[in-house]
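Enquirer: Build me a structure from this.
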Amino acid sequence: MDGGAFSRGCKKQSVPLELSDTALEAGLDLSVVDSMFSGRVESYIRISELFIKKGERNIAEILRFFSEGDISRFVIETHGVKGASANLGMAGLSESARELEMLGKTGEHALIADRLPGFEDIYRRHLDSMATVIAQLKEI
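Expert: Numbers count the residues shown, from 1 in each chain. This next block holds a predicted model:
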């Protein structure tokens, strides 16, 4: 990854390779800033901060919906995490959410119960990594 070009207003700025590498190691692909956000780093930061802010609540709701047997809402919530995380460059979290969504749709409750702890761990690690990367992006 070449780091991509980011813009602040009219000014283009490249993300240092070490930040791109750090993000990739953490499971975040910053190339989405160029592909999904047309290089507008401020938009990426703002949406990422909302994602982080809602993260713990989303985890709690997913766990609650499953424990209460509300699979319809469980599927809706995991679908939302799948899409949002993909759009923000978190392929691992998106894939984990997609798997839970599909398991919910097919009624594989035992497999959901087996995979939820791993999903919760992945989600929290991605939230932590994203917070670190966002702080570094703000310094650029």
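
Enquirer: now the closest residue in space to Ala91 that isn't next to it in sequence, what's its secondary structure?
Expert: Using C-beta to C-beta, 6 or more residues apart in numbering and skipping residues adjacent in sequence, the residue nearest Ala91 is Asp29, 6.5 Å away. C-beta coordinates here come from the backbone N, C-alpha and C atoms, glycine included. Taking DSSP: H, G, I helix; E, B strand; the rest coil as the rule, one finds Asp29 in the coil state.

Enquirer: Give me the helices and strands touching the strand or helix carrying Tyr123, please.
Expert: In this structure, Tyr123 is located in helix 109-139 according to DSSP states H and E. For helix 109-139, the packing partners by 3 or more C-beta pairs under 8 Å, 6 or more residues apart in numbering; DSSP states H and E come out as helix 17-25, helix 41-67, helix 71-87, helix 91-106.

Enquirer: Out of those, which is closest to Leu137?
Expert: Counting by C-beta to C-beta, Leu137 lies closest to helix 41-67 out of these; the figure is 5.9 Å.

Enquirer: okay, the angle between that closest one and helix 91-106?
Expert: An angle of 30 degrees separates the directions of helix 41-67 and helix 91-106 when computed by axes from the mean of the first three to the mean of the last three C-alpha atoms, to 10 degrees.

Enquirer: What are the buried residues along helix 41-67?
Expert: Going by neighbour count (16 or more other C-beta atoms under 10 Å), the buried part of helix 41-67 is 41, 44-45, 48, 51-52, 55, 58-59, 61-63, 65-66.

Enquirer: Now it: average pLDDT?
Expert: Averaging the model's pLDDT scores along helix 41-67 yields 94.

Enquirer: Now do that helix: distance to the chain's middle.
Expert: For helix 41-67, the distance between its averaged C-alpha position and the chain's averaged C-alpha position is 8 Å (C-alpha atoms, centre = their mean, to the nearest Å).

Enquirer: just stretch 77-89 next, same as before
Expert: On the basis of C-alpha atoms, centre = their mean, the separation between the geometric centre of stretch 77-89 and that of its chain is 6 Å.

Enquirer: where's the residue sitting nearest the centre point of the chain relative to Val32, distance?
Expert: The centre of the chain sits closest to Ser85, judged by C-alpha atoms, centre = their mean, with a distance of 3.0 Å. Taking C-beta to C-beta, to the nearest Å as the criterion, Ser85 is separated from Val32 by 10 Å.

Enquirer: This completes my enquiry, with thanks.
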